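Undergrad: model the structure of this input:
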Amino acid sequence: MTEEYFAPFRKNIIGNEWMIDTPFGQKQLIYADWIASGRLYKPIEEKMLNVFGPWVANTHTETSQTGTLMTKSYQYAHQLIKQHVHANAQDVIITYGFGMTGVVNKLQRILGLKFCGRLFNAACLAERDKPIVFVTHMEHHSNHTSWFETAADVEVIGHTPELEVDLNDLEDKLKKYKDRKYKIASVTACSNVTGIQPPYYAIAQLMHSYGGLCFVDFAA
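TA: Got it, this is the predicted structure:
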């Protein structure tokens with residue numbers, strides 16, 4: 001990809017040429033936190049303001065024109081997301097408005113894991129009934145510390161000298177916890193610090209071979 005290819009996109013980023021006051025005079029703002037949050041994109045914001053803005057209303061109601069348009073738009077957005085990620089009729093899209101932190105917490109609540117744990121100072125499950133959750137050493141906090149606030153036990157998968165995920169260590173841990181009813185790997189698709197991409201397909205295959213589940217965080 002060339003600079004010319006991305007030029008139209010860069011031009012439409014709101015604040016792209018914004019100037020700020022510094023101890024060294026006015027300087028152009030350099031935004032370097034794209035992994036955490038993308039910036040506003042003019043064509044999208046204009047469509048939200050001018051196309052959807054006048055029709056904003058509650059969804060899940062079709063007793064009014066505004067409600068009908070919002071409901072249909074919401075449903076259409078779900079279909080677009082499914083097409084983009086190649087989901088089928090058996091897959092469920094769960095939308096959430098507060099980034100990956102909110103999504104992970106919602107997933108934990110859906111799984112029924114938020115009723116006890118360190119946050120509640122309650123050991124409300126027998127040892128063998130506790131889910132075991134495996135995370136990598138490169139997780140974002142929302143996909144690491146939040147699991148400690150659930151009913152699950154948490155293990156960090158070891159890493160190789162090259163800081164890659166050690167699949168042998170994961171298998172050793174799966175053997176260690178083979179009697180646990182629920183085994184979950186919750187891993188990032190890409191470290192937002194190093195750029196290393198864990199072998200999540202191999203992790204999923206290994207988890208499935210031991211009757212476990214694999215969740216992958218694609219936020220980064």
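Undergrad: next, the buried residues of the helix or strand that contains Val104.
TA: Take DSSP states H and E as the rule and Val104 turns out to sit in helix 99-110. Buried residues in helix 99-110, counting neighbours by 16 or more other C-beta atoms under 10 Å, are found at 100, 103-105, 107-108. To be clear about C-beta, it is placed using only N, CA and C from the backbone, and glycine gets the same treatment.
Undergrad: now render the residues you listed as a markdown table, adding pLDDT.
TA: Putting those into a markdown table (pLDDT from 0 to 100) gives the following:
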| residue | pLDDT |
| --- | --- |
| Met100 | 83 |
| Val103 | 89 |
| Val104 | 91 |
| Asn105 | 90 |
| Leu107 | 91 |
| Gln108 | 92 |
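Undergrad: before we move on, the earlier item: what packs against the helix holding Val104?
TA: Counting by 3 or more C-beta pairs under 8 Å, 6 or more residues apart in numbering; DSSP states H and E, the packing neighbours recorded for helix 99-110 are strand 213-217.
Undergrad: OK, contacts around Gln75?
TA: Not one residue lies near Gln75 by C-beta atoms under 8 Å, 6 or more residues apart in numbering.
Undergrad: for it, helix, strand, or coil?
TA: helix (DSSP: H, G, I helix; E, B strand; the rest coil).
Undergrad: give me the contacts around the helix holding Val104.
TA: Contacts with helix 99-110, where a contact means C-beta under 8 Å, 6+ apart, come from 37, 94, 96, 114, 140, 142-143, 146-147, 150, 186, 215, 217, 219.
Undergrad: can you list the domains in this structure?
TA: The record assigns the chain these domain ranges, following automatic domain parsing: 1-55, 56-93, 99-217.
Undergrad: most tightly surrounded among the ones you listed?
TA: domain 99-217 (a mean of 16; mean count of other C-beta atoms under 10 Å).
Undergrad: what ranges do the strands span in the protein?
TA: Using DSSP state E, the strands assigned to the chain run over residues 19-22, 25-28, 132-135, 153-156, 183-188, 213-217.
Undergrad: can you show me the CA trace of the third one as CSV?
TA: Which is strand 132-135. As requested, the backbone C-alpha atoms of strand 132-135 are provided in CSV (Å, rounded to 0.1, in the frame of the first residue of the first chain):
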residue,chain,number,x,y,z
ILE,A,132,-10.5,-22.4,34.1
VAL,A,133,-9.6,-19.5,31.9
PHE,A,134,-6.3,-19.3,30.0
VAL,A,135,-5.0,-15.9,28.8
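Undergrad: sheet partners, orientation included, of it?
TA: Using DSSP bridges, the strands paired with strand 132-135 are strand 153-156 (parallel), strand 183-188 (parallel).
Undergrad: out of those, nearest to Asn58?
TA: Ranking the strands paired with strand 132-135 by their distance to Asn58 (criterion: C-beta to C-beta) puts strand 183-188 first, at 33.2 Å.
Undergrad: and the angle for the closest one with strand 213-217?
TA: With axes from the mean of the first three to the mean of the last three C-alpha atoms, to 10 degrees defining the directions, strand 183-188 sits at 10 degrees from strand 213-217.
Undergrad: mind checking how far Gly195 is from Phe218?
TA: 14 Å (C-beta to C-beta, to the nearest Å).
Undergrad: Asp169 too?
TA: Noted for Asp169: a distance of 23 Å to Phe218, by C-beta to C-beta.
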